[in-house]
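> Fold the following for me, if possible:
(chains A and B)
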Amino acid sequence: MKLSSLTSEDCSKAAVLFNSKKRILEFISQLAHEKLPHLTQQEILNALLNREKLGSTGIGRGIAIPHGRMSGAQSPLALILVSETPISFDAIDNRPVDIFVALIVPDGDCQLHLKTLATIADKLNDKEFCKQLRSAKTDHDLYQVIVEHS
Amino acid sequence: MRSEGTFLIRNKLGLHARAATVLAQLAVKFDATITLFQDEKQAAGDSVLALMLLESSQGKEVKVVCEGPDAEPALNSIGELIEQRFHEHE
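Okay, here's the model as predicted:
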């Protein structure tokens, strides 16, 4: 599985400006709704917020992977956002987060979900990849970084 | 000090993001270097990203190796967490 196959240029957003966890999750759910119009923005937002209630998806090193399992999703969708300034996200290392790889995944397929998480983890574990994500100035540049590393 | 043990992944979702996060948060509490092994892959116990790369699903066996002054309590705690399905219902 390739990260580029899970996302698209219109799901890649560089230098976004949000100042809270709630605001960026709202923006992510709006973007996801545009890709998955049969799911409402509110349903997507609720799925993301419910997951955060179980424990922050801020996994350290300035990275978060907000995600929601949704029965209406046919295949995994990844949205990649880089924030201009890091946002407080209750991450496990208490560091604010500037790289967000959000996932909307089908409910039920555990193997596929683990495979999707491993695909994302493989890329995010690469410090050079993260550095290039953070340096991308435009959505197009950000998407190119993802394609080149996939 | 070195302690190691092999544990079965029992929870339905396997070592998904939340389970990996709970394990990493537990691992950092001990003065020990903790490494998980599954098949040919290995991961530092305190790295959520590394743990997710193991792709450990229900039914897989993972070997946990702890080295350092807290090796034994670390192994006991991590083993218990895995055995107790990461506190998940299924």
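> C-alpha only now, for contacts and for neighbours.
OK.
> Enumerate the residues of chain B near chain A.
With C-alpha under 8 Å from any C-alpha of the partner chain as the criterion, chain B comes near chain A at residues B:12-18, B:21, B:25, B:48-50, B:52-57.
> Provide a list of residues in contact with the closest residue to A:L117 other than its chain neighbours.
Of all residues not flanking A:L117 in the chain, B:M52 sits nearest, at 6.3 Å (C-alpha to C-alpha, 6 or more residues apart in numbering or on different chains). By C-alpha atoms under 8 Å, 6 or more residues apart in numbering or on different chains, the residues touching B:M52 are A:114, A:117-118, A:121, B:15-17, B:20.
> again, only using 7 Å
Counting by C-alpha atoms under 7 Å, 6 or more residues apart in numbering or on different chains, B:M52 makes contact with A:117-118, A:121, B:15-17, B:20.
> among these, which are in helices?
Judged by DSSP state H, the contacts of B:M52 include A:117-118, A:121, B:17, B:20 as members of helices.
> which one among the residues you listed gets closest to A:F89?
The nearest member of those to A:F89, counting by C-alpha to C-alpha, is B:A17 at 15.7 Å.
> any idea how far the closest one is from A:G55?
10 Å (C-alpha to C-alpha, to the nearest Å).
> coming back round to it: mind putting the ones in helices among the contacts of B:M52 into TSV with distance to A:L77, neighbour count and pLDDT?
As requested, the ones in helices among the contacts of B:M52 are exported to TSV (distance: C-alpha to C-alpha, whole Å; neighbours: other C-alpha atoms under 10 Å in any protein chain shown; pLDDT from 0 to 100):
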residue	distance to A:L77	neighbour count	pLDDT
A:L117	12	22	97
A:A118	14	24	97
A:A121	15	22	97
B:A17	16	25	97
B:A20	21	24	98
